[in-house]
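I would like the atomic coordinates for the input below:
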Amino acid sequence: MAKNQIEPHKLEMPDGSCHMVESTEFSAMVVDPVNQATVTLEAYNKSWGDLDLAGLIMALEKQVRAVQSNDLSGCEAMLVTQAHTLDAIYNHLAKLAVNATEIKRIDMLLKSALRAQSQCRSTLATISDMKMPKVVYTNQANIASGNQQVNNVMQSKDSPVHDACIDGVEYTQSIE
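Here you go, the predicted structure:
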């Protein structure tokens, strides 16, 4: 095959069959977030046995569509369960530290426990932010349909007069 031609890529399916896919199409499949997550889930979830990749892809795509339609219930459920899991990890490591006798082991266990506790707190804070977004108060709204210049200059109390030059015209304003 010539150097500039794109070689097809052999794609092995979960059922053992093989398909030839153009490299550009294969590259698009590789960088697709749902496909990446599917491969990662399959690699990390060996305790579930062999997973149906096509079914996993469909389940993930359903969750993505839900989030895109502003249904965050799946995300909230995931975060709540992660918070409980992190709390369980914290408690387990803290109990192990109580029974440890070597200082290095106690230190390692407590540091890991406190990291899990911190992640649990962050997860709960994320849930709180999703449920009750923070209100932002601003002192100034910069809204213009065209060009806008905002000069935020703080005047000291010692400076009673403020001079400005706009379009070649000098203005003096007394600040009291």
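
Could you pull out the strands in this protein for me?
Along the chain, counting by DSSP state E, strands occupy 9-12, 18-21, 161-166, 169-174.

I'd say Gln119 and Thr85 touch.
No - taking contacts as Cβ atoms under 8 Å, Gln119 lies outside contact range of Thr85: 9.8 Å. In this view, the C-beta of every residue, glycine as well, is placed from N, C-alpha and C.

who's more crowded, those two?
Shown here are Gln119 and Thr85; by other Cβ atoms under 10 Å, Gln119 has more neighbours (17 against 14).

leaving aside the residues next to it on the chain, what's closest to that one?
Leu86 (5.1 Å; Cβ to Cβ, 6 or more residues apart in numbering).

residues in contact with the one you found?
Residues in contact with Leu86 (Cβ atoms under 8 Å, 6 or more residues apart in numbering) are Ala116, Gln117, Gln119, Cys120, Thr123.

right, and the last one touches Glu76 too?
This means Thr123. No - using Cβ under 8 Å, Thr123 is not in contact with Glu76; the gap is 10.8 Å.

which helices and strands sit right next to the longest helix anywhere in the chain?
Longest helix in the chain by number of residues, with DSSP state H as the criterion: helix 103-131. With contacts taken as 3 or more Cβ pairs under 8 Å, 6 or more residues apart in numbering; DSSP states H and E, helix 103-131 sits against helix 73-99.

tell me the angle the helix it packs on makes with helix 103-131.
Helix 73-99 and helix 103-131 are oriented at 160 degrees to each other (axes from the mean of the first three to the mean of the last three Cα atoms, to 10 degrees).

and helix 73-99, which residues are buried?
Residues of helix 73-99 classed as buried: Leu79, Gln82, Ala83, Leu86, Asp87, Ile89, Tyr90, Leu93, Ala94, Leu96, Ala97 (neighbour count, 16 or more other Cβ atoms under 10 Å).

Could you do stretch 111-131 as well?
For stretch 111-131, burial by neighbour count (16+ other Cβ under 10 Å) applies to Ser112, Ala113, Ala116, Gln117, Gln119, Cys120, Thr123, Leu124, Ile127.

ok, so what distance separates the spatially most central residue of the chain from Met132?
The residue lying closest to the centre of the chain (Cα atoms, centre = their mean) is Thr126, at 10.3 Å. To Met132, Thr126 is 12 Å away according to Cβ to Cβ, to the nearest Å.

Then Thr85?
Going from Thr85 to Met132 by Cβ to Cβ gives 23 Å.

And the contacts of stretch 75-85?
Val67, Cys120, Thr123, Leu124, Thr126, Ile127, Met130, Lys131.

Let me know whether the first one touches Leu60 as I believe.
This points to Val67. No - using Cβ under 8 Å, Val67 makes no contact with Leu60, being 10.8 Å away.

Those two - which one has more neighbours?
Leu60 (17 against 12).
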